[in-house]
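>>> based on what follows, work out the 3D shape:
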Amino acid sequence: MDDEQRAAAWIRATPNLLTVLRIVAAGILPFVPPAWRLPVVLFGAFSDWADGFIARRFHAQSKFGTFMDGVADKLLVLSCVVTFVHSGEVALWQGLLMMSRDVVVTSLVAWILLRYPSSMLRHVQVRLPGKLTTAFAFLWFASLLIPGLEALRPWLFWPAAAASVVAAIDYAFQFARRGPRIRA
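Residues are numbered from 1 along each chain as shown. Predicted coordinates:
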């Protein structure tokens, strides 16, 4: 194997590795000391961006990576919400509103997997509202952890919550328009 092939193999594995590390970050976030939460959340945001960039830039996309990237994102948002609700930094209603996209997507995926072949998942595509939800959510999460940003928190929460609701509706309509027809 020459150097170019070794480099290509290394690059192809990187997006999946970052996704797996994001899942690990989601698992440890509730248990790390409060001072470590910001680095974990920032790592989650960076790894989400980096794995997508590397996968697209170096044509390193895989079915596993595409599916697990979504799983990692949902787990990290859930972990953040649970951590912040438990610590009292976020009201339960805020956490639930922030997770509306994730609840809809997870419910759709579970329903599809129970009723249809997994190939039906291709009908649910990531689009701008979903990407905006993730970006706004990470900004809001970071604002909860950075001292001095208290005044910005509502200004970051409401766009994140609105994007989450819009994304939830978008995903539901995507599937309803393009998904399998329900037989009575």
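>>> pLDDT weak spots in this protein?
Confidence mapping of the chain against pLDDT under 70 gives the ranges 1-7, 118-125, 178-184.
>>> geometric centre of this protein: which residue is closest?
Centroid check for the chain by Cα atoms, centre = their mean gives residue 73 as the closest residue, at 2.1 Å.
>>> and it, what does it touch?
Counting by Cβ atoms under 8 Å, 6 or more residues apart in numbering, residue 73 makes contact with 22, 48, 102, 134. The C-beta positions use only the backbone N, C-alpha and C, and glycine is treated the same way.
>>> list the buried residues for stretch 126-145?
Across stretch 126-145, burial judged by 16 or more other Cβ atoms under 10 Å covers 126, 129-130, 132-145.
>>> CA atoms of that stretch as CSV?
Only the C-alpha atoms of stretch 126-145 are listed here, as CSV (Å, rounded to 0.1, in the frame of the first residue of the first chain):
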residue,chain,number,x,y,z
VAL,A,126,-31.4,16.6,6.2
ARG,A,127,-32.3,20.1,5.0
LEU,A,128,-31.7,23.7,6.0
PRO,A,129,-34.2,23.8,8.9
GLY,A,130,-32.5,20.8,10.5
LYS,A,131,-29.0,22.2,10.0
LEU,A,132,-30.1,25.6,11.4
THR,A,133,-31.6,23.8,14.5
THR,A,134,-28.3,22.1,15.2
ALA,A,135,-26.3,25.3,14.8
PHE,A,136,-28.7,27.4,16.9
ALA,A,137,-28.9,24.7,19.5
PHE,A,138,-25.1,24.5,20.0
LEU,A,139,-25.0,28.3,20.2
TRP,A,140,-27.6,28.3,22.9
PHE,A,141,-26.0,25.4,24.8
ALA,A,142,-22.6,27.3,24.7
SER,A,143,-24.3,30.5,26.0
LEU,A,144,-25.5,28.5,29.0
LEU,A,145,-22.0,27.5,29.8
